[in-house]
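Colleague: give me a model of this one.
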Amino acid sequence: MTRSNPDKAKAVPPGNNTQKVGALLAAVNTAFAGGHSHQAMELAGQAVQQFPRAADTWILRGRLNFHRAHLLAARRDFEQACQLRPEDQQLIKELSMVLEQLDAYADLQELFGQAIERWPLDDDLLMARSRIATQLGDFETARADFLQVLTRQPDHVGALCSMVARGYGDEVGGLDGLETCLASHKAGSVEHYSLCYAQARLLEQDHRYAEAFEAYRRANSLQAAAGGMQITAKQRGARAVIDDLTADLIDRYSGRGHPSDRPVFIIGMPRSGTSLTEQILGAHPDIYAAGEQGFWPDVLRALFTGAPRQGGSMVAAIDSIGPQVWKQPGAEYLRRMAELNVESVRTTDKLPVNFALIPYIRLIFPNARIIHLRREPLATLASCIRTNFSVSMFAWSIEDWARYYGVYQALMDHWRPILGAQLLEIDYEELVRDLPTQARRLVAFLGLDWHEACLHPERSKRAVRTASVNQVRRSVYTGAIAKWRHYEAELEALRPLIAESRASLTPGRAFVNSV
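Modeller: Presented below is the predicted three-dimensional model:
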């Protein structure tokens, strides 16, 4: 790991400086809370210069840099703070977040190894290291850490659910042990619905599919009730976007964005094969797989907030800000990607739900390539329903998952003719049945020469942070294609909900919520 100057690594002595440091840091926080991020950064820089031995100055500037996605600068700040305050476990956790975003996994493993050596009984550190080991495909290290946590906390929900997810349910008491733990947690809590997902997985492994589906139904409903989004709001928002962003409008404002053709966006429903596709492409020496980048929702939120909309189109309102409005986000995106990799010809960004933002991405990067993964709707829904995403964005009841699928289909129906040759659509089923043909299609679409490594994505050493981490560590296989048929009767009842939601968003048709 990069180390800062050791001569600075001495804590600030008590005395009058403490009050001065506190006043300066308070000014930084006030500026940031008021939305004056540049002023906050200037003040944080002054604090570091004036009080270089005060860990709090480096911590605050590190947090500001992390918030701005200046990850290399944030890393330097947090590493300096760790030298000044080596016993601060929270600092280690903050530094680990930066290293993870930078894909600095060797340094991340070293950081956790040193921290656990210092605090061997800290279960949070063990759980963090096991998560990193899982992302790297080192399932045995992760398993050993989970078991060590469970020796001290037999009802540790995170460790229990992780063991079940990795296929080690028998080692933690199986269904009986899990149900005992489930009974001790309040219904509707995060711990409770997480255990419900694990219970469903064990029932499924025992081939008790009817019971498993009901357990999945309960888990999804509990998670949705605990803080999920309203599907009606999602449908209304999608219909407004479809009505607003017409092909004529996109054509009118096209050509004003950043000219780079480096970005590649992989989109689709969650659990549709996007992770596998990125793993295939990431095996190519000219492609850097950046994983799921959260850039676009943030940048577009800022554009929407700054746009002086007074009726008419949101795109027109954004455009009225000035001639650089479409180029600036592209330049910032490329800056962020350069912190991860500067050598690749193409960089993939695999956030499935970017399908909702495609017109804006197209305006910002008119030469970017977009890959859309399609999969049998009921197979996709079965996989979504069986996954604990742990985020409110995907906290739906089973019925609302079907309606959300209809929203996705309606949006893609609308975007497809707008994108034209900029879009490549790949069917998951064809990808796993005939990898050589489909992998060559993908590589050719990106304008690159073929490389045989793309036929062996399981050999990649890159970290995978998605729910597909188990699957992409195996050779490409067809076993998942028909797995949904264990629940075919229950899932077939969802097809009308998909169709109704999709139809409700048809342009020119009076909008009626499908719920």
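Colleague: which stretches in the stretch 201-350 of the chain count as strands?
Modeller: Here the stretch 201-350 of the chain has its strands, by DSSP state E, counting those that start in this stretch, at 263-268, 287-289, 346-349.
Colleague: and residue 332, which of those strands is closest to it?
Modeller: strand 263-268 (12.3 Å; Cβ to Cβ). Where C-beta positions appear, they are placed from N, C-alpha and C, glycine not excepted.
Colleague: okay, now the sheet partners of that closest one, with direction.
Modeller: strand 346-349 (parallel), strand 369-374 (parallel) (DSSP bridges).
Colleague: of those, which approaches residue 57 most closely?
Modeller: strand 346-349 (33.8 Å).
Colleague: identify the residues contacting the closest one?
Modeller: 262-266, 278, 281-282, 286-293, 295, 337, 340-341, 369, 446, 448 (Cβ atoms under 8 Å, 6 or more residues apart in numbering).
Colleague: hmm, try it at 6 Å
Modeller: Defining contact as Cβ atoms under 6 Å, 6 or more residues apart in numbering, one finds that strand 346-349 is touched by 262-266, 278, 281, 287-290, 293, 337, 446.
Colleague: looking at those residues, which is nearest residue 325?
Modeller: residue 263 (18.0 Å).
Colleague: how much space separates the closest one from residue 67?
Modeller: Applying Cβ to Cβ, to the nearest Å, the value for residue 263 to residue 67 is 23 Å.
Colleague: again with residue 75
Modeller: In terms of Cβ to Cβ, residue 75 sits 14 Å off from residue 67.
Colleague: what about the two, which has more around it?
Modeller: Remark: of residue 75 and residue 67, residue 75 carries more neighbours, 23 against 13, as counted by other Cβ atoms under 10 Å.
Colleague: ok, the more buried one touching residue 97?
Modeller: No - contact between residue 75 and residue 97 fails when scored by Cβ atoms under 6 Å: they sit 10.2 Å apart.
Colleague: now residue 200. Nearest residue, chain neighbours left out?
Modeller: Spatial nearest neighbour of residue 200, excluding adjacent residues (Cβ to Cβ, 6 or more residues apart in numbering): residue 215 at 3.5 Å.
Colleague: ditto for residue 39
Modeller: Closest residue to residue 39 apart from its sequence neighbours, by Cβ to Cβ, 6+ apart: residue 31 at 4.4 Å.
Colleague: show the pLDDT at the one you found.
Modeller: Predicted confidence (pLDDT) for residue 31: 88.
Colleague: tell me the contacts of it?
Modeller: Counting by Cβ under 6 Å, 6+ apart, residue 31 has contacts 39-40, 43.
Colleague: quick check: buried residues in the strand or helix carrying it?
Modeller: Assignment of secondary structure by DSSP states H and E places residue 31 within helix 16-33. Buried residues in helix 16-33, counting neighbours by 16 or more other Cβ atoms under 10 Å, are found at 21, 24-25, 27-28, 31-32.
Colleague: got the residue ranges for the helices in the stretch 251-400 of the chain?
Modeller: Under the criterion DSSP state H, counting those that start in this stretch, helices of the stretch 251-400 of the chain are mapped to 274-282, 295-306, 314-319, 327-340, 358-364, 377-385, 398-419.
Colleague: out of those helices, nearest to residue 461?
Modeller: Closest among the helices of the stretch 251-400 of the chain, using Cβ to Cβ: helix 274-282, at 10.0 Å.
Colleague: pull that closest one out as CSV, backbone CA atoms only.
Modeller: Output of helix 274-282 as CSV, limited to C-alpha atoms (Å, rounded to 0.1, in the frame of the first residue of the first chain):
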residue,chain,number,x,y,z
THR,A,274,-25.2,-8.7,-17.2
SER,A,275,-22.5,-9.9,-14.8
LEU,A,276,-21.6,-12.9,-16.9
THR,A,277,-21.4,-10.6,-20.0
GLU,A,278,-19.1,-8.2,-18.3
GLN,A,279,-17.0,-11.1,-17.0
ILE,A,280,-16.7,-12.4,-20.6
LEU,A,281,-15.7,-8.9,-21.9
GLY,A,282,-13.4,-8.2,-18.9
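Colleague: check the secondary structure at residue 480 for me.
Modeller: coil (DSSP: H, G, I helix; E, B strand; the rest coil).
Colleague: who does the helix or strand of the chain with the lowest mean pLDDT touch, helix- and strand-wise?
Modeller: Here the helix or strand of the chain ranked lowest by mean pLDDT, DSSP states H and E is helix 469-472, holding a mean of 72. The contact analysis (3 or more Cβ pairs under 6 Å, 6 or more residues apart in numbering; DSSP states H and E) places helix 469-472 against helix 274-282.
Colleague: and the contacts of the helix it packs on?
Modeller: Under Cβ under 6 Å, 6+ apart, the answer for helix 274-282 is 266, 268, 287, 289, 348, 350, 352, 373, 439, 454, 457, 460, 462, 466, 468, 472.
Colleague: again with stretch 150-166
Modeller: With Cβ under 6 Å, 6+ apart, stretch 150-166 has contacts from 127, 139, 146, 149, 172, 181, 191, 194, 198, 201.
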